[in-house]
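Asks: A predicted structure for the sequence below; I have some questions about it.
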Amino acid sequence: MSTLYQLTADFEEVINMLYDEDVDEQVILDTLEGIEMEFEDKADGYAKVDKQMKADIEAMKAERDRLSERISLAENRRKRLLWKLENAMRTTGKTKFKTALFSFGIQKNGGKQPVAIDAADVTLIPAAYLIPQPPVPDKEKIREYLQAGNKPAWAHLEPRGESLRIR
């Protein structure tokens, strides 16, 4: 039986392998299988690896959220900066000029001209200008219907799945 120190080192090696994209998943599974210990101990090892990965994932998500917030802040500041410059150009009447570094100009946007639908009711628009769409089943209403004890030929409730839970 391996020492606790050796088992810890083995599991740290497995954790490092999990983050290495070049390591094949089968190699990781084989390494886990090769660690000598009782089944329950091995399950504890899997749970430890899982807890570490879960903590790492949460830390990465928190960092992603923090960076996403910074990106949003920077984008909004950039928009306000350009909006202020454009308004100043319109107010002063300087809608086109050059400096030593840049050229500035207010121009019409290219691409297709935007369309605005004035009809509040789509039935007022001729059918030739509408996109037909097939009906989509409402699974929530169907679930309620089936749970009420109805047994139609066109739907049924599937058995609930199973998953591993470690507490």
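Replies: Looks like it arrived, so ask away. Numbering: from 1, shown residues only.
Asks: gap between stretch 76-85 and the chain center?
Replies: Averaged C-alpha coordinates place stretch 76-85 at 28 Å from its chain's average position (Cα atoms, centre = their mean, to the nearest Å).
Asks: for stretch 72-89, that is, sorry about that
Replies: 28 Å.
Asks: Over to stretch 51-70?
Replies: Computed by Cα atoms, centre = their mean, the chain-centroid distance of stretch 51-70 equals 13 Å.
Asks: do the same with stretch 20-31
Replies: With Cα atoms, centre = their mean, you get 25 Å for stretch 20-31.
Asks: first to last residue in it, what's the distance?
Replies: 14 Å (Cα to Cα, to the nearest Å).
Asks: ok, and what's touching that stretch?
Replies: Residues from elsewhere that reach stretch 20-31 (Cβ atoms under 8 Å, 6 or more residues apart in numbering): Asp10, Glu13, Val14, Met17, Leu18. All C-beta atoms are positioned from the backbone trio N, CA, C, and that covers glycine.
Asks: Now do the strand or helix carrying the third one, average pLDDT.
Replies: This means Val14. Following DSSP states H and E, one finds Val14 within helix 4-19. Per-residue pLDDT values over helix 4-19 give a mean of 79.
Asks: which element follows that helix toward the C-terminus?
Replies: helix 25-34.
Asks: If you compare the directions of that following helix and helix 4-19, what angle comes out?
Replies: 170 degrees (axes from the mean of the first three to the mean of the last three Cα atoms, to 10 degrees).
Asks: CA atoms only for the helix or strand bottoming out on mean pLDDT in the chain, dumped as CSV, please.
Replies: Every helix and strand of the chain was ranked by mean pLDDT, DSSP states H and E. The lowest is helix 4-19, at a mean of 79. Output in CSV follows, covering the C-alpha atoms of helix 4-19 (Å, rounded to 0.1, in the frame of the first residue of the first chain):
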residue,chain,number,x,y,z
LEU,A,4,-0.2,9.1,2.1
TYR,A,5,2.7,11.2,0.7
GLN,A,6,3.0,9.1,-2.4
LEU,A,7,-0.8,9.0,-2.9
THR,A,8,-0.9,12.8,-2.6
ALA,A,9,1.9,13.1,-5.2
ASP,A,10,0.1,10.7,-7.5
PHE,A,11,-3.1,12.6,-7.3
GLU,A,12,-1.3,16.0,-7.9
GLU,A,13,0.2,14.4,-11.0
VAL,A,14,-3.3,13.4,-12.2
ILE,A,15,-4.6,17.0,-11.5
ASN,A,16,-1.7,18.4,-13.6
MET,A,17,-2.5,15.9,-16.4
LEU,A,18,-6.2,17.0,-16.4
TYR,A,19,-5.1,20.5,-17.3
